[in-house]
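Student: here is a sequence with its predicted model. Questions after.
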2 protein chains.
Amino acid sequence: MSPDELWELNSAARHKTYPAGQTIVTQGEPNVLANIVTGIVVEKKGLADGREQIVSLLFPSDFLGNAYRRDADATAQTVSPVTLCTFERSGFEDVVRSHSAFRQALFDHAVAELDQAREWMLLLGQMRAGERVATFLMRLARRQSDAGCSHMPRDVVSDGAMLRIPITRGQMAAFLGLTVETVSRKLGALRDAGVIDLLGPRTVRINNVERLLAESL
Amino acid sequence: MSPDELWELNSAARHKTYPAGQTIVTQGEPNVLANIVTGIVVEKKGLADGREQIVSLLFPSDFLGNAYRRDADATAQTVSPVTLCTFERSGFEDVVRSHSAFRQALFDHAVAELDQAREWMLLLGQMRAGERVATFLMRLARRQSDAGCSHMPRDVVSDGAMLRIPITRGQMAAFLGLTVETVSRKLGALRDAGVIDLLGPRTVRINNVERLLAESL
DNA sequence: CGCTGACTTGACCAGTGTCAATAAAGGTGG
DNA sequence: CCACCTTTATTGACACTGGTCAAGTCAGCG
């Protein structure tokens, strides 16, 4: 995007911070348009009896909210303390209307999200518990190696890679369609098999990428 | 859309027919842009060992393919004999570029698909087998009552409604993340409970919408 | 009218969920 | 900096849903 485009967008932007565990928007209520500056956000959908499915895990630089829909289709909640760069809807829409490159970027974003959602449908519908956990770790590792050094070839994870899990076991369970206990057991099984080390509940070292990939099918 | 817009689009269109069970596009290969005129199409994603998850069920009037992505993210396959109204990519893109209303429609379509995918993630990740089957029937019934008479209030299904299931049990299973046997058993359970009648393997009468809705949670 | 693929049903069992008890981490205030 | 408390994570025993394997039935179609 050109400097003047960015400036125009920036004039509609405002920074906002949230503590950990805070709900940003609730399913069905007016949406928020924002970029995540720091922290982790989850989007989730719930059933009447309280069961919840996390449908998206958002990292810094990810976009939150849908420009073309007034109300949110999922609840967005902070996992850690979060800084958002929020946009006024009216100013945002002006920028979208007048700049086709920006419109294109938004569209690409929506398409990528659809692709991810369908990939996750495959995981939720067909994979067994161990495969889901292994797949989650691999995708997280890829994502972090991407973000860390953009000069590296994409999607490469090497043996010995350290991995920070940004969410609790409960949130992993809600994302993978499992229970906390099963997630914990499958991680333990990977540890016992020597595929990973659990250095702490949120820190993993991948000893054998190939085997982890094989587990994830 | 205005008549001249439709005409312009039409000049890029060509009708095509496929027999039942035919693959239209394969995951990862160049996409197709088309409207479904008649017949049912499924989009599915597969694992290396052959397990498959249906990610979308498409009816006449639904749009197939993604204008902003060259390759397909899923395999599209006909369920019944299908007539497609396909568009040349180049001509299609001209229309998209020059008509904002059309672009908007495409965007709305993508957003709706994302919403549906996430709704299905909730089903696949959190619901039990019986709930999944009941939910499938309800959504199918709503969709058919919509299409049937657009003058009726949307989403209303009344007791005694007849329902045609357009796919096999195997495809239902692949859509719901279950096995054929479980789908069959849960349908049988609904029949035994008097909630539905199974007039044939593909024809259902809903005797008690309220209870079916309760089963689907 | 018979054949083939789709569907149903039963018996059995494995993989996950459930319940319960500990153990470890992390945060707070002294 | 340490002790306490709360939350989070691990582990075990057990139950149960849904998957697997195997017959058998039905429906549609040539």
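Tutor: Structure received. Residues are numbered from 1 along each chain as shown, chains lettered A, B, ... in the order given.
Student: which residues does the most centrally placed residue in chain A form a beta bridge with?
Tutor: In chain A, the C-alpha nearest the mean C-alpha coordinate belongs to A:Leu57, at 2.1 Å (C-alpha atoms, centre = their mean). On the basis of DSSP bridges, A:Leu57 is bridged to A:Val42.
Student: got a pLDDT number for it?
Tutor: A:Leu57 is assigned 98 on the pLDDT scale.
Student: could you check how far it is from DNA strand D?
Tutor: Distance from A:Leu57 to DNA strand D, counting by C-beta to the nearest atom of the strand, to the nearest Å: 14 Å. The C-beta positions use only the backbone N, C-alpha and C, and glycine is treated the same way.
Student: ok, that residue touching A:Ile40?
Tutor: Yes. In this structure A:Leu57 lies within contact range of A:Ile40 using C-beta atoms under 8 Å: 7.1 Å.
Student: any residues in contact with both of these two?
Tutor: A:166-167 (C-beta atoms under 8 Å, 6 or more residues apart in numbering or on different chains).
Student: pull the distance from stretch A:72-82 to the chain's centre.
Tutor: 10 Å (C-alpha atoms, centre = their mean, to the nearest Å).
Student: that one and DNA strand D in contact?
Tutor: No. Figure legend: stretch A:72-82 not in contact with DNA strand D (C-beta under 7 Å from any atom of the strand); closest approach 9.8 Å.
Student: not counting that stretch itself, show me its contacts.
Tutor: Stretch A:72-82 is contacted by residues A:17-32, A:36-46, A:55-56, A:58, A:64-66, A:166-167, A:171, B:114-115, B:118 when judged by C-beta under 8 Å, 6+ apart.
Student: would you mind measuring the gap between the ends of that stretch?
Tutor: Length of stretch A:72-82, first residue to last, C-alpha to C-alpha, to the nearest Å: 19 Å.
Student: what is the mean pLDDT for it?
Tutor: On average, stretch A:72-82 scores 96.
Student: check which residues of it are buried.
Tutor: In terms of neighbour count (16 or more other C-beta atoms under 10 Å in any protein chain shown), stretch A:72-82 has its buried residues at A:72-79, A:82.
Student: now do stretch A:159-166
Tutor: For stretch A:159-166, burial by neighbour count (16+ other C-beta under 10 Å) applies to A:161, A:163, A:165-166.
Student: switch those residues over to a markdown table; also include pLDDT and distance to DNA strand C.
Tutor: Listed next are those as a markdown table, based on pLDDT from 0 to 100; distance: C-beta to the nearest atom of the strand, whole Å:
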| residue | pLDDT | distance to DNA strand C |
| --- | --- | --- |
| A:Ala161 | 94 | 19 |
| A:Leu163 | 96 | 14 |
| A:Ile165 | 98 | 10 |
| A:Pro166 | 97 | 12 |
